[in-house]
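> next one to model:
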Amino acid sequence: MTATQVSARELFQSAYENRYTWDKDFPGYTADVTYRTGDRHFQGQARVSPDLKGAVSGIEDESATKAIENQLWEIAIHRVRRPFEKTHAENTFSYGKTDETGAIEILIGGKGEGDHYKLRDNEVCMVHRHIHGVVVTINTFSSHDTGAGYLSHRYDSVYHDPKTGAQRGGRSVFTDEYESVGDYTLLKRRQIETETERGTEVQEFCFSNMQLL
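Here you go, the predicted model:
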């Protein structure tokens, strides 16, 4: 499939539907979780319910609990399976430039005016979206093939002010590792390296003993 054979909408839809998502029968799961930040580490239990809500127990530190809950939410929200026509019904799609790596730019119009993406090898390798009052740009450097769709393995994210273009916060680099549990692929480790005024801050979330509900 090449850009000369299909419309921008068709090319983007193919990559969108090639993402790994959980099906409607997803049962939820439990896991032991270890969270490390700087020289501190916490251990507890995590649970993602069938309706994709996350919960953490066994950790008294409120900030650590919140950090893990945020990651459970991030994991689940990206595994939700939504029909393309429902998600992008009010968007239009057109071709932009092709960069030196062969990634094809897709420009969004309509409701998502100003957003754009890059596609390579039937995967979304760059996202530039206006969301929740900020602009987020995510570049994916490598991916993991589950056999039922792809998952990002190494990627970064940067936030900017939509009006001034000023960067908000430091760039974060993510490294994700996965494990197959039953019929599902689950995150077993996420490392986040964030640039700050004090240097690079590293967070690590490790999930073990993962069991489907």
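> could you use CA atoms for every contact and neighbour count after this?
Noted.
> wait, what's in contact with residue 41?
34, 35 (Cα atoms under 8 Å, 6 or more residues apart in numbering).
> separation between residue 201 and residue 37?
According to Cα to Cα, to the nearest Å, residue 201 stands 8 Å off from residue 37.
> now do stretch 23-35: distance to the chain's middle.
Taking Cα atoms, centre = their mean, to the nearest Å, one finds stretch 23-35 lying 16 Å from the centre of the chain it belongs to.
> which residues sit against the helix or strand bottoming out on mean pLDDT in the chain?
Lowest by mean pLDDT, DSSP states H and E among the helices and strands of the chain is helix 84-87, with a mean of 93. When contacts are defined by Cα under 8 Å, 6+ apart, helix 84-87 is touched by residues 13, 16, 17.
> from those residues, list just the buried residues.
13, 16, 17 (16 or more other Cα atoms under 10 Å).
> for the second one, identify the helix or strand it belongs to.
Assigning secondary structure by DSSP states H and E places residue 16 in helix 8-17.
> how about that helix: buried residues?
Buried-residue list, helix 8-17, by 16+ other Cα under 10 Å: 8, 9, 11, 12, 13, 14, 15, 16, 17.
> against which helices or strands is it packed?
Under the contact criterion of 3 or more Cα pairs under 8 Å, 6 or more residues apart in numbering; DSSP states H and E, helix 8-17 touches helix 84-87, strand 91-98, strand 123-131.
> low-confidence ranges, the protein, go.
Along the chain, the parts satisfying pLDDT under 70 run over 1-4.
> for the most centrally placed residue in it, what are its contacts?
Centroid-nearest residue in the chain, with Cα atoms, centre = their mean: residue 78, separated by 5.6 Å. By Cα under 8 Å, 6+ apart, the contact set of residue 78 is residue 21.
> hang on, isn't residue 16 packed against residue 125?
No. Using Cα atoms under 8 Å, residue 16 is not in contact with residue 125; the gap is 11.1 Å.
> what's near enough to touch residue 106?
So residue 106 contacts 8, 12, 93, 94, 95, 96, 116, 117, 118, 119 (Cα under 8 Å, 6+ apart).
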